[in-house]
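Peer 1: Sequence and predicted model, in that order:
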Amino acid sequence: MAASTLERPIAARPSTWFVWAGMTAFGVFLLGILVAVVVDSFGRQWFDTWLPDGLTTERYTEAWDRFALGEVVGVTVGVAALVVVISVAVGVPAAYVLARRDFPGKRAIMLLFLLPVLMPPITYGIPLATVMYSFGLGRTLTAVVLVNLVPSVPFVILTMTPFIEQINPAIESAARMCGARTRQVFTRVLAPLLVPGILAAAILVLVRTVGLFELTFLVSGPGSDTLVVAIYRGMTSAGGGEARQLISAMSVIYTATMLVMLVAALRFVNPTQLVAQVKETRDD
Amino acid sequence: MSSSGGGGPRAGRATASLRHRLAERGVDPILLLLVPGLVVAVALFVYPFSYGIGLTVQPTAAMQEQWGGGIFANYVAFFRDPFVFDSVGITMRLALPAALFNVLASVPVAMVLRHRFRGKRLLTSLLVLPITLGTVLTAQGLLIFAGRQGWINRTLLEIGLIDEPLKLVNNYLGVMFSLVITGFPFAFLLISSYLSGIDPSLERAAKTLGAGWWQRFRRIILPLLAPGLATTFVLTFVLAFSVFPSARLVGDAMGETRVMSLMAFRAFGEQNDYAMASTIALMMGAVELIVVVAVLGLRSLLYRGTTGGKG
C-alpha cells in the first residue's frame, strides 16, 4: 500500500479518472463508428431500428462489381508500393547527406524539403495538377505516383535525418580505417544499421499514400482512382450518392486493405528485434 | 567554396591530401547523393509552385470584367467576393479549436499513459487505430453512428436525456468530430514521444524536494514540454486546416463548413478556372503560414535546451 502511494500520489487520482472518462468516450465513439460501418455493410436493410433486419454479404459482391474494386485495389496497392520504393530510394541518400555533412546552402535545401510537409496539400496540389494536365498526364497512373512523391520524399528525408544522426559516425570511420571503400561502408556498415529506420519510414509512407486523398483526387480519374478517392466519388456522385451500404462495404474493404498492408509490413519488421540489433551494434 | 558537382570529381582525381581537405569542408562526392531528392523537389514542387504563382496573375477575361484590377483580378475577387473570402474565417473557426483541443487533450492522456499498467498496449493501439481508418471511413461511420437514427441518438432518446434527435452531422459539429478523431491520435503520438524524452529523474528529484503533482507538472514537465506542444500544435493545425473530404461529407459544404480547400477545388474541378483555383490555393498557404510563423515565433521564446532524457 505504502509503495503504491509513493508511485502514484492520491492527489493525481481525480485527474486520472477524468482522463479515463475522456478516453472511454473517445473509445466508444471510435468503436461505434467502426462497428456501425461494419454492421451496415453486412445489413440487408437498416432504417429505423437498432440493428439491420437480416444479414447478407451481397453488398460486397455488388460493390465489387459496380465500382470495379479489383482494379481499384490493384491501383491502390501498386501506387503505394511504387511510391514507397521511389521515395525511400531518393530520400535515404539525401537524408544521409543532410545528417552527416555540413556544406554551403544546407539550410536552404532543408527548407526546400520542409515546405511540402508544412504546406496544405491543396496549396501545391492545384498548381501541380494544372501542370500535370497541361503535360497530358491528367488521370494517369504516372500522375498519381508523381503527385504522391511530393509529400513522401520530404517525409522520408525528415524522418531519416535524425535517425542517421544518432548512428555513431565513429563506426563509419572505423570501417574506413579498416580499409572499407565508400560502397562497402554503405552496403556493409550503414545499410544494416539503417534497416529499422528505413522500414519504419516505409510503413509510414505506405499508410500515408493509401490514405492520401487530396492530391490523388486532383489528378486521378477512372482507371487511376485509389480506394479512398473511389469511396469519395461514390459518396458524392450526382443524385445523392450511391446506396449507403455499398459505400460501407467499400469502406470496410479499404480498412481491411490498410490493415493487411500494415500487418504484412509489421511482419517484415519485428520492431523489438531490430531495436535490439541496433543496440548491440552500438555497444561494440 | 565550390559547389557539390564541381568539387566532387576533381577531388577524386586529386591527391589524397586535397581530397581530404575538401572533405573536411564537407564537399565531396557524397554530396551527389542529394541530387535525386533535389530533382524531385524542384520538378514536382518548385516548378509547379512557381507556375501556379504565374497563373494567379493571368486571370480569365470574365474575372477581369467582373472584378477589375487588371492582372490582379483574381486577388481582388478573393478579397471582395464574400462567398470566397468568408471561407477564410470558416476554416479558421474549424482548424484552430480542433488543433487546440487535440493538443490540450493529448497532454493529460499522454501523462497518464506514461506509467506502466495492464492493457497499455491495447489502449495505445486503440488510439492509433483511427490512423488506419482514414478520413473517408470516419466520415461514413460518423454519418451512420451519429446520424439522426444512429446509435448515439437512439441511446440518448432511450435514456430520456433528449426528446428530439440531436443534429450531430452535416454541420460544424460533424466536421469537428471528424477532425478530433483523425487529429487526436496524431497529437497523442507526438506528445507521448516528447514526454518520453523528458528525464524522469528530474520529476523524481522534484518529488523528493516535496513538490506536489501540480507543482511538478507546472514547474518541471510543462516548461520542458512547451516547445513540443508548439510543434504538435503546428502539425495538427496543418492537418485540420486543409480539411477537405470531411468538410464535404459530414459537414455543410455550402454553409458552415465551406472551407478554403472546398472553394479552391470548386474553382479547379467545377469551374475549370485554374488561375482562380491557384489563387485560392496560394492564399490558403499564406493564411496557414501566418499562423505557423506566429506559433513558431512564440515557440522560439521558450526553453530550447536538452530535456535530459533518452529522446
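Peer 2: Perfect, thanks for sending it. Numbers count the residues shown, from 1 in each chain, chains lettered A, B, ... in the order given.
Peer 1: what about A:N168, neighbour count?
Peer 2: Neighbour count for A:N168, taken as other Cβ atoms under 10 Å in any protein chain shown: 12. C-beta: built from backbone N, CA, C; applies to glycine.
Peer 1: Chain B versus that one, what's the distance?
Peer 2: Separation of A:N168 from chain B (Cβ to the nearest Cβ, to the nearest Å): 16 Å.
Peer 1: Phi, psi for that residue please.
Peer 2: For A:N168, the backbone dihedrals (degrees, to the nearest 10) come out as phi -60, psi 120.
Peer 1: mind checking how far it is from A:R181?
Peer 2: 20 Å (Cβ to Cβ, to the nearest Å).
Peer 1: give me every residue that touches the residue of chain A found nearest chain B.
Peer 2: Distance from chain B to each residue of chain A (Cβ to the nearest Cβ) is smallest for A:P127, at 2.5 Å. Contact analysis of A:P127 by Cβ atoms under 8 Å, 6 or more residues apart in numbering or on different chains lists B:P48, B:F49, B:Y51, B:G52, B:I53, B:L55, B:S278, B:A281.
Peer 1: Which element, helix or strand, includes the second one?
Peer 2: Same thing as B:F49. Per DSSP states H and E, B:F49 falls inside helix B:47-56.
Peer 1: State the number of residues packed around residue 80.
Peer 2: All of this is about chain A. Neighbour count of A:A80, defined by other Cβ under 10 Å: 25.
Peer 1: could you do chain B instead?
Peer 2: By other Cβ under 10 Å, neighbour count at B:R80 equals 13.
Peer 1: B:A206 too?
Peer 2: 18.
Peer 1: That one: helix or strand, and which one exactly?
Peer 2: helix B:200-208.
Peer 1: ok, and what's touching stretch A:220-240?
Peer 2: Contacts to stretch A:220-240, defined as Cβ under 8 Å, 6+ apart, come from residues A:67, A:69, A:71-73, A:75-76, A:79, A:138-141, A:143-144, A:210-213, A:216-217, A:241-242, A:246-247, A:250-251, A:253-254, A:257, B:134-137, B:139-140, B:245, B:248-249.
Peer 1: Disregarding residues adjacent in the polypeptide, which is nearest to the residue of chain A closest to chain B?
Peer 2: Of all residues not flanking A:P127 in the chain, B:G52 sits nearest, at 2.5 Å (Cβ to Cβ, 6 or more residues apart in numbering or on different chains).
Peer 1: isn't that neighbour right next to A:A129, touching?
Peer 2: No: the pair B:G52 / A:A129 is not scored as a contact, 9.7 Å apart, by Cβ atoms under 8 Å.
Peer 1: Which helix in the chain has the most residues?
Peer 2: No chain specified, so I'll use chain A. Longest helix in chain A, counting residues (DSSP state H): helix A:69-100.
Peer 1: Chain B, not that one
Peer 2: Longest among the helix segments of chain B by residue count, using DSSP H, is helix B:82-113.
Peer 1: which stretches of the stretch 1-150 of chain A form helices?
Peer 2: Using DSSP state H, counting those that start in this stretch, the helices of the stretch 1-150 of chain A run over residues A:2-7, A:13-42, A:58-66, A:69-100, A:106-118, A:121-134, A:141-165.
Peer 1: from these, which stretch is densest packed?
Peer 2: Of the helices of the stretch 1-150 of chain A, the one with the most neighbours on average (mean count of other Cβ atoms under 10 Å in any protein chain shown) is helix A:121-134, at a mean of 25.
Peer 1: Dump the C-alpha coordinates for that helix into PDB.
Peer 2: This file holds the C-alpha atoms of helix A:121-134, laid out as PDB (Å, rounded to 0.1, in the frame of the first residue of the first chain):
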ATOM      1  CA  PRO A 121      -1.600  19.800 -49.900                       C
ATOM      2  CA  ILE A 122      -4.200  21.800 -51.800                       C
ATOM      3  CA  THR A 123      -1.800  24.800 -52.000                       C
ATOM      4  CA  TYR A 124       0.800  23.000 -54.100                       C
ATOM      5  CA  GLY A 125      -1.600  20.300 -55.300                       C
ATOM      6  CA  ILE A 126      -3.700  22.600 -57.500                       C
ATOM      7  CA  PRO A 127      -0.800  24.100 -59.400                       C
ATOM      8  CA  LEU A 128       0.800  20.700 -59.600                       C
ATOM      9  CA  ALA A 129      -2.400  19.200 -61.000                       C
ATOM     10  CA  THR A 130      -2.600  22.000 -63.500                       C
ATOM     11  CA  VAL A 131       0.900  21.200 -64.700                       C
ATOM     12  CA  MET A 132       0.100  17.500 -64.900                       C
ATOM     13  CA  TYR A 133      -3.000  18.200 -67.000                       C
ATOM     14  CA  SER A 134      -1.000  20.600 -69.300                       C
END
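Peer 1: who's in contact with A:M258?
Peer 2: A:V207, A:V210, A:G211, B:T132, B:G134.
Peer 1: If we use 7 Å, what do you get?
Peer 2: A:M258 sits next to A:V210, B:T132 when contact means Cβ atoms under 7 Å, 6 or more residues apart in numbering or on different chains.
Peer 1: circling back: would you turn the helices of the stretch 1-150 of chain A into JSON lines with mean pLDDT?
Peer 2: Output for the helices of the stretch 1-150 of chain A, formatted as JSON lines (pLDDT from 0 to 100):
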{"stretch": "helix A:2-7", "mean pLDDT": "44"}
{"stretch": "helix A:13-42", "mean pLDDT": "84"}
{"stretch": "helix A:58-66", "mean pLDDT": "85"}
{"stretch": "helix A:69-100", "mean pLDDT": "92"}
{"stretch": "helix A:106-118", "mean pLDDT": "88"}
{"stretch": "helix A:121-134", "mean pLDDT": "91"}
{"stretch": "helix A:141-165", "mean pLDDT": "90"}
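Peer 1: Rebuild these as a markdown table, extending it with distance to B:A61.
Peer 2: Listed next are those as a markdown table, based on distance: least, Cβ to Cβ, whole Å:
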| stretch | distance to B:A61 |
| --- | --- |
| helix A:2-7 | 73 |
| helix A:13-42 | 47 |
| helix A:58-66 | 42 |
| helix A:69-100 | 38 |
| helix A:106-118 | 33 |
| helix A:121-134 | 18 |
| helix A:141-165 | 29 |
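Peer 1: per-residue confidence at the residue of chain B found nearest chain A?
Peer 2: Residue nearest to chain A within chain B (Cβ to the nearest Cβ): B:G52, separated by 2.5 Å. At B:G52, the model reports a pLDDT of 90.
Peer 1: ok, A:V150 touching B:L44?
Peer 2: Yes: the criterion here is Cβ atoms under 7 Å, and A:V150 meets it with B:L44 at 4.9 Å.
Peer 1: Tell me the residues that contact both of these two, please.
Peer 2: Joint contacts of A:V150 and B:L44 (Cβ under 7 Å, 6+ apart) are A:L128.
Peer 1: between the helices of the stretch 1-150 of chain A, which gets nearest to B:P108?
Peer 2: helix A:13-42 (4.7 Å; Cβ to Cβ).
Peer 1: Does anything pack onto the closest one? Which helices or strands?
Peer 2: helix A:244-268, helix B:82-113, helix B:120-145 (3 or more Cβ pairs under 7 Å, 6 or more residues apart in numbering or on different chains; DSSP states H and E).
Peer 1: Quick one: name the residues of the stretch 51-200 of chain A near chain B.
Peer 2: A:90-91, A:93-94, A:96-97, A:101-104, A:109, A:112-113, A:116, A:118-124, A:126-128, A:130-131, A:146, A:149-150, A:153, A:157 (Cβ under 7 Å from any Cβ of the partner chain).
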